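Asker: With the input below, show me the fold.
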Amino acid sequence: MAATLEQKVWLTTSSRLYPNLYVFLVGHPGVGKTRTIRATKAYAQELPDFHFSPTSMTPASLVDALVDSKRNIIQLDLGNLEYNTMFVTADELGAFMHKYDNEMIGVLSAFYDTDPYGQHRRGKELKIKIKSPQLNILSGTTPSNLLNFMPENAWDQGFTSRIILVFSDERIVGDDFAVVAKPLSKELLHDLKQINSLSGQFAVTSAYRDAVNQWRAAGEPPVPSHPKLTHYITRRRTHLYKLSMVSAVDKSDELLLTKEDFDQALEWLCEAETYMPDVFRAGATGGDNKAMEEIHNFLFISDKGSGVHEHDVVKFTRERVPAHSVMRVLDIMKLSGSLVIASIDKRSGARMYRAGKDGDRDGTDQPVGRPPSGSDPSSIIP
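Answerer: Residues are numbered from 1 along each chain as shown. Below is the predicted model of the structure:
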């Protein structure tokens, strides 16, 4: 719906704010990202003169495509609307942008804000000017690909603050042989075409304004606390306003933001933000984290009931992390509860380890069931 509205409607704060969104669907393979994006595109393709971006682009080709996506809408009461807009629907982020490129990121940030854009290409002696450029983005990616794509310092910059990350790892189990192909909903198509015909400025009710001011005075709770979302927080209110406009046109043709729209927009935003930290946890599969997963699995399959000898655990770990990191990795696993002492050999004092789970450890270096130091070793419970 945000892409459908283009720049035909807006909310005036310090300047015009349009409802375009940058949304990344994040999840492991098989959760339905591609099917969701393709379904979205199928509906949008039924709209008249709707502009989609090419799948794979450089900064220059993106600008060229947007130049060709011009709108000129005649309005008797508001005057002519002239702007350029496109909808990016990329099944995979890597197909849209092959690598993190500062020039491309700068262009995408400018097109989110619909700032006037100019470019001079010396080779072709070509001057490009776009008065009001705009993009909507709906893209899919896996957590690991997203974190590999975005350098660490990107989370401190403006582009990532413009993105709403929607994470899910839910897999719906269904009947593969059931009839699943469905025609496009005629009712939904009718509604989208009606939404596409709307134009003008949103008004706000006093209740909506009060709700926003009270939320701001309270510190805009609940505030995401993940370190990578620190700069995203500064743009939450902008996201709220954009989602409020979507909520309003979802329920009626009246361009009016009500308390109901505030509540709906905040609910959508908070639901997405609740799962945003899971993106970073699910994507942290490289280096030590991946090694820990392999060690945990090794313990699980190698334990025949009495645990796995610490020599075997250290040898397995040394083959997966640098030598200087072996004991650090094992210590972290102990503290997290994923590596637990099952017993201690009475003669050699060697530890036998088993795979545990978070919460198994009590914070000491005692094995499960082992009495405090100084007690009779024969009383150790394996």
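
Asker: count of neighbours near the closest residue in space to I163 that isn't next to it in sequence?
Answerer: Once flanking residues are discounted, I163 sits nearest to Y22: 4.8 Å by Cβ to Cβ, 6 or more residues apart in numbering. Quick note: C-beta positions are derived from backbone N, CA and C, even for glycine. Residues contacting Y22 under the criterion other Cβ atoms under 10 Å number 23.

Asker: From what I see, Y22 and S161 are in contact.
Answerer: No. At 9.9 Å, Y22 does not count as touching S161 under the criterion of Cβ atoms under 8 Å.

Asker: Show the contacting residues for V9.
Answerer: Applying Cβ atoms under 8 Å, 6 or more residues apart in numbering to V9 gives the contacts 18-19, 198-202, 245, 249, 255.

Asker: G140: which of these is nearest?
Answerer: P19 (21.3 Å; Cβ to Cβ).

Asker: Quick one: residues contacting the closest one.
Answerer: Applying Cβ under 8 Å, 6+ apart, the residues contacting P19 are 1-2, 5, 9-11, 242, 245-246.

Asker: Please flag which of those residues sit within strands.
Answerer: Those of the contacts of P19 mapping onto strands are 9-11, per DSSP state E.

Asker: which one is A3 nearest to, not counting chain neighbours?
Answerer: N136 (3.8 Å).

Asker: which SS state does that neighbour fall under?
Answerer: Assigned with DSSP: H, G, I helix; E, B strand; the rest coil, N136 falls in the strand class.

Asker: Can you give me the pLDDT of it?
Answerer: Residue-level confidence at N136 comes out at 98, pLDDT.

Asker: Same question for N297.
Answerer: 92.

Asker: ok, it - contacts?
Answerer: A355.

Asker: how's the chain carved up into domains?
Answerer: When the chain is parsed with automatic domain parsing, its domains come out as 2-283, 287-379.

Asker: related to what we said a few turns ago, could you report the distance from the residue nearest to A3 to I37?
Answerer: 12 Å (Cβ to Cβ, to the nearest Å).

Asker: When the two are compared, which one has more neighbours?
Answerer: For N136 and I37, the more surrounded residue by other Cβ under 10 Å is N136, and the numbers stand at 24 against 19.

Asker: What residues sit buried inside the longest helix seen in the chain?
Answerer: Across the chain, the longest stretch assigned as helix under DSSP state H is helix 259-283. Using 16 or more other Cβ atoms under 10 Å as the test for burial, helix 259-283 gives 260-262, 264-266, 268-269, 272-273, 275-280, 282-283.

Asker: Low-confidence bits of the stretch 1-150 of the chain, can you list those?
Answerer: Residue ranges of the stretch 1-150 of the chain with pLDDT under 70: 76-78, 120-126.

Asker: can you give me the helices in the stretch 51-200 of the chain?
Answerer: 59-67, 93-96, 102-112, 143-149, 158-161, 186-196 (DSSP state H, counting those that start in this stretch).

Asker: and T317, which of those is closest to it?
Answerer: helix 143-149 (21.9 Å).

Asker: same for the closest one, what does it pack against?
Answerer: If you count contacts as 3 or more Cβ pairs under 8 Å, 6 or more residues apart in numbering; DSSP states H and E, helix 143-149 packs onto strand 22-26, helix 93-96, helix 259-283.

Asker: Show me the contact partners of that helix.
Answerer: 24, 26-28, 92-94, 97, 99-100, 141, 167, 278-286.

Asker: low pLDDT regions in the stretch 251-382 of the chain?
Answerer: 284-287, 358-382.

Asker: one more time with 50
Answerer: 359, 361-382 (pLDDT under 50).

Asker: ranges for the strands of it?
Answerer: 256-257, 308-309, 339-344, 351-355 (DSSP state E, counting those that start in this stretch).

Asker: now those in a markdown table, with mean neighbour count?
Answerer: As requested, those are exported to a markdown table (neighbours: other Cβ atoms under 10 Å):
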| stretch | mean neighbour count |
| --- | --- |
| strand 256-257 | 18 |
| strand 308-309 | 20 |
| strand 339-344 | 20 |
| strand 351-355 | 21 |
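
Asker: now for the ones you listed, which one comes closest to F50?
Answerer: Nearest of these (Cβ to Cβ): strand 256-257, 25.3 Å.

Asker: Parallel or antiparallel, list what pairs with that closest one.
Answerer: strand 203-204 (parallel) (DSSP bridges).

Asker: from the chain's centre, how far out does the helix or strand just after the strand it pairs with sit?
Answerer: On the C-terminal side of strand 203-204, the nearest following helix or strand under DSSP states H and E is helix 206-217. Here helix 206-217 is found 27 Å from its chain centre; the criterion is Cα atoms, centre = their mean, to the nearest Å.
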